[in-house]
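*Asks:* Dropping the sequence and predicted coords here.
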Amino acid sequence: SGDGRILWTHNTAAAALAASTSAPQQQQQQQYLRVWKRFHDLKHAPQLAVITSGPGVSEVSVLNGHTGEQLRQLKLPYSINKVVPIHQPVHDGAAEQYITLLVEHPNNNSSSRGDKAIDNSDLPPLPCVHLLPNSPAAAEHINAISSSLFFWLQQQQGVDRTAGGSSAAGREQAPNSRGSNADDSDTAMAVFRGYSLEPGAAGTVGSTDDAVLPVVPAWQVVLPGRVLGVAAKDPAEPVHSYVKVLGDRSLKYRYLNPNLIFVATGTPLGSNEAPASASVAVALINTVTGAVIHQQVHSGCAGPVYAVVSENWVVYTMRDVVNMRQQAAVIELYDASHHDLSLEAIILGRTQHSSSQSSYGSVKLEVLSQSFYLQHFIKGLSVTQTKQGITTKQLLVQTISDQLYALDKRFLDPRRPMRAKATAEEMEERLVPYNELVLFNTLQYVTQDKQIMNWRGVTVAGAVLESTTLVFCYGADMFYTRMSPAQNFDSLQSDFSYGLLVVALVALLVGTWFASYSSQQALLKAKWQ
């Protein structure tokens, strides 16, 4: 509940699935929580889906969101490698049914059921993709939007680890990874493969119990080195403005591509390489076409890399092994192509930004980047989110002391001026003069003096009020709070004097009546004269 009370508890079949030893050990148990069904009326509680993937077998439990009662249970004869949520639900009368694509783990014994033969024997078999729920309505919806559905998978060659992701249909942020054997970092290769669904892929899915959606390989990107971190942008993230207004009233057009992932490869922490030869290479990949839109290398740095992608910027952190400090870097992407904003172009609708943008098109980019040092070492990054995306962003930094710190994004702005004093235009943009060290203010700790032991993650969501962000930290401990990154600009303070407001309104009404009466008397007197 909102005051921290536990309303209900549900135990999944995680223990039973983990006890199975019939599948390879690298298929680790994972759990996903998704919205299953949302009703239009208040009499029915929303339904949640708990997807538990174990070695060679998975389970889906549908729960009542208010009571925790199990309404439905599905047994799946395969292990799940990736969960791709479809953000556009199916309208089913008085409810909205949410759809999910389940990508089968490639090491399942049953994987060959949906694989197609590929002429090139060097390529891996195509992944098996299942539809959840497997219903005619869901199949019809998938057929309607199949041309815009893409997903990607990650595989580290030479390392027993496979991860996945998604693009236009949704995304599942892959966890930050570390190399398990530093001696093989020179020969490891990170392979990213993109797939799309065939047109009419779900034509017969709803009529069979365990049908597989046919997929088509779209692209492949190979990056040298071990994967140190992967982050994907949330396609459902609300964006309020597509432009950034500068202090001189000029405009910068943000590059807002929802199908964007950040990949960091290079030297893992604890490698036998000399600190001077260590490096971290980062790349931004378009998951629709596989195009690498930007790359850069940080010398003298090592993993692990923690990153967050939001709007048109990426913030990531790594270890500076030469100076033994925590380094943070930021990348901002802007559309540098020409935009005609004349009155005639706006009236006739000929402006480039007024038309829909495609991920297949190439755009001339302006890339701004800068690096900083953080005062403390960290082990996780997230970002605040509001309902409409109007409120300024704050980074949620998980420190090594198991606390959560709110860092204002403007301290990691690549446009911070390289001078001691900012100009009037820069001050209007709230730009702070550059300082290589970002200090942590003790008043900005979200968890205050509390620690979250055995930290597992942070979940953020927008509230009804635009100024408010809901933050939930979970692990062995749980911590929930509300944040206001830009203060409560859309609500009154709790100590607001309502009595004084009433007195002021009454005084205003009396003053208005008196002024009207005096005016009428003066006008009448003037007529008699």
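*Replies:* Perfect, thanks for sending it. Everything quoted here is computed from the prediction, not taken from an experiment.
*Asks:* Residue 199: what's it in contact with?
*Replies:* By CB atoms under 8 Å, 6 or more residues apart in numbering, the residues touching residue 199 are 143, 146, 147. (C-beta placed from N, C-alpha, C; glycine too.)
*Asks:* Highest neighbour count among those?
*Replies:* Among the contacts of residue 199, residue 146 has the most neighbours (other CB atoms under 10 Å), with 19 neighbours.
*Asks:* Let's verify that residue: helix, strand, or coil?
*Replies:* helix (DSSP: H, G, I helix; E, B strand; the rest coil).
*Asks:* Can you tell me the closest non-neighbouring residue to it?
*Replies:* Using CB to CB, 6 or more residues apart in numbering and skipping the chain neighbours, the partner closest in space to residue 146 is residue 197 (4.4 Å).
*Asks:* isn't that neighbour right next to residue 213, touching?
*Replies:* Yes - between residue 197 and residue 213 there is a contact under CB atoms under 8 Å: 5.9 Å.
*Asks:* Only the buried residues of stretch 142-151, if you could.
*Replies:* Using 16 or more other CB atoms under 10 Å as the test for burial, stretch 142-151 gives 142, 143, 146, 149, 150, 151.
*Asks:* Could you export these as CSV, including pLDDT, secondary structure and distance to residue 52?
*Replies:* Formatted as CSV, these follow (pLDDT from 0 to 100; DSSP: H, G, I helix; E, B strand; the rest coil; distance: CB to CB, whole Å):
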residue, pLDDT, secondary structure, distance to residue 52
142, 87, helix, 23
143, 86, helix, 29
146, 83, helix, 28
149, 87, coil, 24
150, 89, strand, 26
151, 90, strand, 21
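*Asks:* which two of the residues you listed lie the greatest distance from each other?
*Replies:* Greatest spacing in those, by CB to CB: 143 and 151 (16.7 Å).
*Asks:* mind listing the helices for the chain?
*Replies:* All helices of the chain, identified by DSSP state H, fall at 14-19, 136-145, 343-348, 424-428, 498-528.
*Asks:* end-to-end on stretch 469-480?
*Replies:* Taking CA to CA, to the nearest Å, stretch 469-480 runs 11 Å from one end to the other.
*Asks:* Would you mind listing the outside residues contacting it?
*Replies:* 2, 4, 384-386, 391, 396, 402, 404, 446-447, 450-463, 481-485.
*Asks:* can you give me the offset of that stretch from its chain's centre?
*Replies:* Offset of stretch 469-480 from its chain centre (CA atoms, centre = their mean, to the nearest Å): 17 Å.
*Asks:* Please apply the same query to stretch 191-200.
*Replies:* So, by CA atoms, centre = their mean, the centroid of stretch 191-200 is 21 Å from its chain's centroid.
*Asks:* Give me the buried stretch members for that stretch, please.
*Replies:* Buried, per 16+ other CB under 10 Å, within stretch 191-200: 191, 192, 193, 194, 195, 196, 197.
*Asks:* Which ones among these lie within strands?
*Replies:* Among the buried residues of stretch 191-200, the residues falling in strands (DSSP state E) are 191, 192, 193, 194, 195, 196, 197.
*Asks:* so can I have TSV of those showing pLDDT?
*Replies:* Formatted as TSV, these follow (pLDDT from 0 to 100):
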residue	pLDDT
191	90
192	91
193	91
194	91
195	91
196	89
197	87
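*Asks:* From residue 254, how far out is residue 462?
*Replies:* Applying CB to CB, to the nearest Å, the value for residue 462 to residue 254 is 20 Å.
*Asks:* and if you look at residue 61?
*Replies:* Look at residue 61 and residue 254: by CB to CB, they are 40 Å apart.
*Asks:* Tell me where the stretch 201-350 of the chain is predicted with low confidence.
*Replies:* Where the stretch 201-350 of the chain drops to pLDDT under 70, the residues are 201-211, 338-350.
*Asks:* Of all the residues in the longest strand along the chain, which ones are buried?
*Replies:* Scanning the chain for the longest strand, with DSSP E as the assignment, gives strand 80-92. Using 16+ other CB under 10 Å as the test for burial, strand 80-92 gives 80, 81, 82, 83, 84, 85, 86, 89, 90.
*Asks:* on that earlier part again, got the buried residues of stretch 191-200 as TSV, with distance to residue 359 columns?
*Replies:* Formatted as TSV, the buried residues of stretch 191-200 follow (distance: CB to CB, whole Å):
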residue	distance to residue 359
191	21
192	16
193	17
194	11
195	15
196	12
197	16
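*Asks:* Widest-spaced pair of the residues you listed?
*Replies:* Top of the distance list for the buried residues of stretch 191-200 (CB to CB): 191 and 197, 20.9 Å.
*Asks:* Point me to the residue sitting closest to the centre of the protein.
*Replies:* Most central in the chain under CA atoms, centre = their mean is residue 234, positioned 3.6 Å from the mean C-alpha point.
*Asks:* circling back: looking at the buried residues of stretch 191-200, spot the one nearest residue 414.
*Replies:* Among these, and counting by CB to CB, the member closest to residue 414 is residue 192, at 26.0 Å.
*Asks:* List the residues that contact the closest one.
*Replies:* Contacts for residue 192 (CB under 8 Å, 6+ apart) come out as 152, 153, 154, 155, 220, 221, 222, 223, 261, 263, 285, 290.
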